[in-house]
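A.B. asks: I would like to see how this sequence folds:
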Amino acid sequence: MQRQNWLITGVSTGLGRAFAQAALDAGHTVVGTVRSEEDRRAFEGLKPGDAHGRILDVTDDHAVSDVITEVERGVGPLDVVIANAGYGLEGTFEETPLAEVRRQFEINVFGAVATLQAALPHMRRRRRGRLMAVTSMGGLMAVPGMSAYCGSKFALEGILEALGKEVAQFGIHVTAIEPGSFRTDWAGRSMTRAARTVDDYDELFEPIRQARQKASGNQLGNPAKAGDAVVRIASVDQPPAHLVLGSDALRLVTTARAAVDEDIRAWETLSRTTDFDEGAQL
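C.D. replies: Have a look, this model is predicted:
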């Protein structure tokens with residue numbers, strides 16, 4: 001396997017750390033972004049000389065651009081960039097404050113966009129590269145109590161799909177990484193939870209919240225294996241536009257997409273009634 005230069009945002013814990021560790025184990029150089037000096041030192045200690053930490057807030061557009069420019073000059077041309085930094089926001093739509101919804105999009109969507117936009121010109125000039133972002137199975141299906149989170153991931157999915165079609169001509173591949181439930185802190189201490197204010201949702205939502213908290217730390221997905229999967233697709237000639245990770249994600253995404261297909265089929269006749277009778281005017 002040819003040695004690559006990677007940049008991954010959000011490597012302090014969770015899947016970001018797992019992706020970084022797998023890439024380091026495969027012999028690659030990895031620049032990982034963190035939020036504190038302590039986390040930077042811990043990351044660089046994983047493999048001194050190959051692991052390079054950078055302190056970064058992905059919501060600071062200028063800082064994102066500056067870090068990637070500095071890495072390109074000081075570490076080397078980036079072959080793989082993964083916009084991983086993000087977090088979960090749990091709460092019913094009605095109970096989630098609008099400020100928290102905006103914050104969810106600011107990090108999960110705009111933080112990822114800033115990272116990919118900063119890396120893209122360098123890859124375009126070289127006519128090669130891999131751009132990836134971690135969305136979620138929640139970017140292809142939605143569950144009650146996660147409207148803001150799923151909305152942010154659906155938005156990122158659309159951006160990535162369009163981006164992939166724009167940059168394929170330059171030899172740049174774009175992949176949405178769509179994990180299911182993995183044994184990380186995502187559903188535990190890393191989850192932001194909106195306060196309960198409307199008791200009409202108790203019967204629906206309280207069992208969901210309790211089940212998610214109970215499952216934290218016992219999820220089916222193995223982060224190390226997810227890291228190995230991402231390293232694998234970073235080296236294949238034709239990586240997927242969508243990489244679903246986890247058997248639970250496969251099951252839930254497949255079911256959700258089948259439901260969309262069924263709606264389209266069921267209302268196909270009505271859909272066709274909205275055209276002009278004489279057809280398009282050219």
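A.B. asks: Give the rounded mean pLDDT of the strand of greatest length in the chain.
C.D. replies: Longest strand in the chain by number of residues, with DSSP state E as the criterion: strand 172-179. For strand 172-179, mean pLDDT rounds to 98.
A.B. asks: And the following helix or strand past that strand, what's buried?
C.D. replies: Using DSSP states H and E, the helix or strand that follows strand 172-179 towards the C-terminus is strand 191-193. Using 16 or more other Cβ atoms under 10 Å as the test for burial, strand 191-193 gives residue 191. Any C-beta I mention is one placed from the backbone N, CA and C, and that applies to glycine too.
A.B. asks: which neighbours does strand 191-193 have in its sheet, and in what orientation?
C.D. replies: In the sheet, strand 191-193 lines up against strand 88-90 (parallel) (DSSP bridges).
A.B. asks: how about stretch 143-162 as PDB, C-alpha atoms only?
C.D. replies: The C-alpha coordinates for stretch 143-162 follow below in PDB (Å, rounded to 0.1, in the frame of the first residue of the first chain):
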ATOM      1  CA  VAL A 143     -35.900   8.400  13.800                       C
ATOM      2  CA  PRO A 144     -38.100  10.200  16.400                       C
ATOM      3  CA  GLY A 145     -36.200  12.500  18.700                       C
ATOM      4  CA  MET A 146     -33.300  13.200  16.400                       C
ATOM      5  CA  SER A 147     -34.700  15.700  13.900                       C
ATOM      6  CA  ALA A 148     -31.900  18.200  14.100                       C
ATOM      7  CA  TYR A 149     -29.200  15.600  14.000                       C
ATOM      8  CA  CYS A 150     -30.800  13.700  11.100                       C
ATOM      9  CA  GLY A 151     -31.500  17.000   9.300                       C
ATOM     10  CA  SER A 152     -27.800  18.000   9.500                       C
ATOM     11  CA  LYS A 153     -26.700  14.600   8.200                       C
ATOM     12  CA  PHE A 154     -29.300  14.600   5.400                       C
ATOM     13  CA  ALA A 155     -27.900  18.000   4.400                       C
ATOM     14  CA  LEU A 156     -24.400  16.800   4.400                       C
ATOM     15  CA  GLU A 157     -25.300  13.800   2.300                       C
ATOM     16  CA  GLY A 158     -26.800  16.000  -0.400                       C
ATOM     17  CA  ILE A 159     -23.700  18.200  -0.400                       C
ATOM     18  CA  LEU A 160     -21.400  15.300  -0.700                       C
ATOM     19  CA  GLU A 161     -23.300  13.600  -3.500                       C
ATOM     20  CA  ALA A 162     -23.300  16.800  -5.600                       C
END
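A.B. asks: related to what we said a few turns ago, who does the longest strand of the chain pair up with?
C.D. replies: Note on strand 172-179: by DSSP bridges, its sheet partners are strand 129-134 (parallel), strand 242-245 (parallel).
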